[in-house]
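Colleague: Next input, structure requested:
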Amino acid sequence: MTKLKVLVFGATGSIGRLVVEEALRSHHAVRALVRNSGMATRLSKEVQVITGDVTRPDTLFPAVDGIDAVVVTVNADGQGKAAAEAVYYRGVRDLLGAIGSRPVRIALMTSIGVTERNGPYNRTNEGHDWKRRAERLLRASGLPYTIVRPGWFDYNAPDQHRLTFLQGDRRHAGDPSDGVIARRQIAEVLVGSLNSAGALRKTLELVAEKGPAPLDLEPLFSVLQADAADAFDGTGDLANMPLGQEPAHVRDELMHAFRHQERRFLARQTNTPAGTDIPKG
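Modeller: Below is the predicted model of the structure:
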């Protein structure tokens, strides 16, 4: 396993704290972005703390300096539509902008049922829609990633730890019948994906079934289908968010991300330094 410098967004949240612990246990160097220094008392003294916020783009540049990977576990539930857009979508957009052309590995946590648009959760704060738009930006960026959509946190029974990776996001009941998962196992999968070749460019729903936890995540990652290079959505996702019906700024930013990916690919092919304009034609 390669030792990485890992930045955690949402590091003081219920999942983020476990991500920090798991990353340290995996011998990674950990940096945490926290909104104020007082929140850092919840974290190990081994963690490098950076004061900032995903909704303040200027604080993201020092946060990503020198890092190899980012785990995103931010939460804006219950804060309304404006917060959902600011945290779930613009936070990822600005993170990608701060990273630029560097090959930083990203593990993004969204949620099971993220393609369900008509349920009460999405009607209330559009959280699913903004999370899905963030997923699309990440796919379009060309950066190495894994997108994890966990089921209902800690609703699992004591003997329910056998991990199951699903694709296509077809569980839309909006309750624990969609699938359950321990918070600690979410953290393990997010951190485990960072060093996994089998997890590269894959989107999955994460739930647990009756049985013991797996000793190795790689066989679970490796059998998944990777997202198509030119795809907006994850493998098998419902085609129920047409690009032509998206807000204009969302369409523009997605197209910009794809163009940036193409420029990065051309730069690699021509050995052109990152950030250099490549002549057309």
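
Colleague: so where's the stretch 151-281 of the chain shaky on pLDDT?
Modeller: 260, 262-281 (pLDDT under 70).

Colleague: go again using 50 as the cut-off
Modeller: By pLDDT under 50, the weakly predicted segments of the stretch 151-281 of the chain are 272-281.

Colleague: now the strands: where do they sit in it?
Modeller: 152-153, 162-166, 180-181, 202-209 (DSSP state E, counting those that start in this stretch).

Colleague: nearest to Pro242, of these?
Modeller: For Pro242, the closest of the strands of the stretch 151-281 of the chain is strand 202-209, at 19.0 Å, according to CB to CB. Every residue, glycine included, has its C-beta placed from N, CA and C.

Colleague: what's the closest one packed up against?
Modeller: Applying 3 or more CB pairs under 8 Å, 6 or more residues apart in numbering; DSSP states H and E, we find strand 202-209 packed against strand 145-150, strand 162-166, strand 180-181, helix 183-193.

Colleague: rerun at 10 Å
Modeller: helix 127-141, strand 145-150, strand 162-166, strand 180-181, helix 183-193, helix 218-222 (3 or more CB pairs under 10 Å, 6 or more residues apart in numbering; DSSP states H and E).

Colleague: neighbouring contacts of the third one?
Modeller: Contacting residues not belonging to strand 162-166 are listed as 112, 148-149, 151, 156, 179, 181-182, 185, 188-189, 199, 202, 204-214, 217, 220-221, 223-224, 236 [CB atoms under 10 Å, 6 or more residues apart in numbering].

Colleague: can you list the strands of the stretch 151-281 of the chain in CSV and add mean neighbour count and distance to His256?
Modeller: Listed next are the strands of the stretch 151-281 of the chain as CSV, based on neighbours: other CB atoms under 10 Å; distance: least, CB to CB, whole Å:
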stretch, mean neighbour count, distance to His256
strand 152-153, 17, 34
strand 162-166, 17, 31
strand 180-181, 22, 34
strand 202-209, 23, 21
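
Colleague: Could you check those strands and tell me which one is nearest Ala140?
Modeller: strand 202-209 (13.2 Å).

Colleague: Alpha carbons of that closest one, in CSV - could you do that?
Modeller: C-alpha atoms of strand 202-209 as CSV (Å, rounded to 0.1, in the frame of the first residue of the first chain):
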residue,chain,number,x,y,z
LYS,A,202,-16.1,3.4,-10.5
THR,A,203,-19.4,4.5,-9.0
LEU,A,204,-21.1,2.2,-6.4
GLU,A,205,-23.9,1.9,-3.9
LEU,A,206,-22.7,0.5,-0.6
VAL,A,207,-24.8,-1.6,1.7
ALA,A,208,-24.2,-4.5,4.1
GLU,A,209,-25.9,-7.9,4.3
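
Colleague: Need the helices and strands packed on strand 202-209 in a markdown table (columns: distance to Leu95).
Modeller: Listed next are these as a markdown table, based on distance: least, CB to CB, whole Å:
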| stretch | distance to Leu95 |
| --- | --- |
| helix 127-141 | 9 |
| strand 145-150 | 11 |
| strand 162-166 | 25 |
| strand 180-181 | 24 |
| helix 183-193 | 15 |
| helix 218-222 | 23 |
